[in-house]
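Visitor: no letters, just coordinates:
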């Protein structure tokens, strides 16, 4: 399984897919579950999921840097408004999807959260959702956004008839897009410390989805205050974490799940299209309240595909730092707000 996962991940990376380790491991897990699981069932050990959740949390948190925070502070009101509106739109889309398809609310809500796909999938089991369908919906959204973002950004630029904005001082690798660390020893110490302390605190306080959220919060706090010295989760460890989540979800697929995903495909694509169109409306609001260009406003509000849209902004000479700031704040808002909001909406329905 490990060899097959590495091969599939390399193939996914060569094909240009986002999070290739997760896509590759998910494909390998599904293939095994549908062909060999009946004779030799496999289940990912509990510690694999625990470690993967903690590492993904640290990786997400470490990406939130001071430069991103500074950009947000410059236009905090419109950015906050757009972020809150995106959260509300995602929840509304999930509720409508649940009512229209019969899929349970937890799965619908988490499946259509517009951001933080890896974190959402990692915590879905703890929130009572079907992680298989959540993964299907989340990564279909990411793929659609990644494929359509360059074309739609170009169409927005032509429609707005504006010149490209000047390249930002922070460059294309500012904020979450940066990959440089502080050296392997420092990166390992930072990763292990945040992950271990975060898991212990989450277990002690019994926080829902805490094995991801507490390491994320610790890492983000150290990154914002620059106490981490620029340390990040080493890329290989990130890939291992993604692979752990992908295998854990993929091995649980069945033929019935595949049929259900196929049945839901048109509805999911329609919901994703609705998210993209509605977020484009938020881009118009952002354009009116800030001095960014129309393509940058659109890329900043796309429902996902962070690294892809930042790359598009940088390639076009756009304000990649602003795009990173808006996307990063939304990612954090989605991952942190999802657990309590999903539980609240699910609890209210059960009471009725």
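Guide: In hand now; what should we look at? Everything quoted here is computed from the prediction, not taken from an experiment.

Visitor: can you give me the helices for the stretch 51-200 of the chain?
Guide: 66-74, 76-101, 105-111, 117-123, 131-160, 184-205 (DSSP state H, counting those that start in this stretch).

Visitor: now render those helices as CSV, adding mean pLDDT.
Guide: What follows is these, written out as CSV (pLDDT from 0 to 100):
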stretch, mean pLDDT
helix 66-74, 72
helix 76-101, 91
helix 105-111, 91
helix 117-123, 84
helix 131-160, 81
helix 184-205, 92
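
Visitor: got CSV for those helices, with distance to residue 234 and mean neighbour count too?
Guide: All C-beta spots, glycine's among them, are computed from the backbone N, C-alpha and C. Formatted as CSV, the helices of the stretch 51-200 of the chain follow (distance: least, Cβ to Cβ, whole Å; neighbours: other Cβ atoms under 10 Å):
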stretch, distance to residue 234, mean neighbour count
helix 66-74, 21, 17
helix 76-101, 30, 18
helix 105-111, 28, 26
helix 117-123, 16, 28
helix 131-160, 23, 20
helix 184-205, 5, 17
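
Visitor: just say helix, strand or coil for residue 44.
Guide: Here residue 44 is recorded as coil under DSSP: H, G, I helix; E, B strand; the rest coil.

Visitor: ok, it to residue 8 distance?
Guide: 16 Å (Cβ to Cβ, to the nearest Å).

Visitor: can you check residue 303 too?
Guide: 26 Å.

Visitor: so where is the stretch 151-300 of the chain shaky, pLDDT-wise?
Guide: Of all residues in the stretch 151-300 of the chain, those with pLDDT under 70 make up the ranges 158, 160-181, 208.

Visitor: what about the residue lying closest to residue 101 once chain neighbours are set aside, neighbour count?
Guide: Leaving aside its chain neighbours, residue 101 sits nearest to residue 267 (5.2 Å; criterion: Cβ to Cβ, 6 or more residues apart in numbering). If you count neighbours by other Cβ atoms under 10 Å, residue 267 ends up with 16.

Visitor: now residue 53
Guide: Neighbours of residue 53 using other Cβ under 10 Å come to 32.

Visitor: need the contact list for it.
Guide: Residue 53 sits next to 122, 123, 209, 211, 212, 241, 245 when contact means Cβ atoms under 8 Å, 6 or more residues apart in numbering.

Visitor: helix or strand: which one has residue 304?
Guide: Of the helices and strands defined by DSSP states H and E, none includes residue 304.

Visitor: okay, now it: neighbour count?
Guide: Using other Cβ under 10 Å, residue 304 has 29 neighbouring residues.

Visitor: buried residues, the helix or strand harbouring residue 323. List them.
Guide: Residue 323 belongs to helix 320-351 when assigned by DSSP H and E. Neighbour-count burial for helix 320-351, counted by 16 or more other Cβ atoms under 10 Å, picks out 320-339, 341-342, 345-346.

Visitor: which residues are in contact with stretch 214-221?
Guide: 54-55, 57-62, 64, 119, 190, 194-195, 197-199, 201-202, 207, 228, 332, 335-336.

Visitor: go on, stretch 87-102?
Guide: So stretch 87-102 is contacted by 103-105, 107-114, 264, 267-268, 271, 274-275, 278-279, 282, 303, 330, 333-334, 337, 341, 345 (Cβ under 8 Å, 6+ apart).

Visitor: just stretch 28-40 next, same as before
Guide: Here stretch 28-40 makes contact (Cβ under 8 Å, 6+ apart) with 1, 4-5, 8, 42, 246-255, 258.

Visitor: relative to residue 24, which of the contacts of residue 53 is nearest.
Guide: Using Cβ to Cβ, residue 245 comes nearest to residue 24 of those, at 11.8 Å.

Visitor: what's the nearest residue to residue 189 if we skip its chain neighbours?
Guide: Nearest residue to residue 189 in three dimensions, chain neighbours excluded: residue 231, at 7.3 Å (Cβ to Cβ, 6+ apart).
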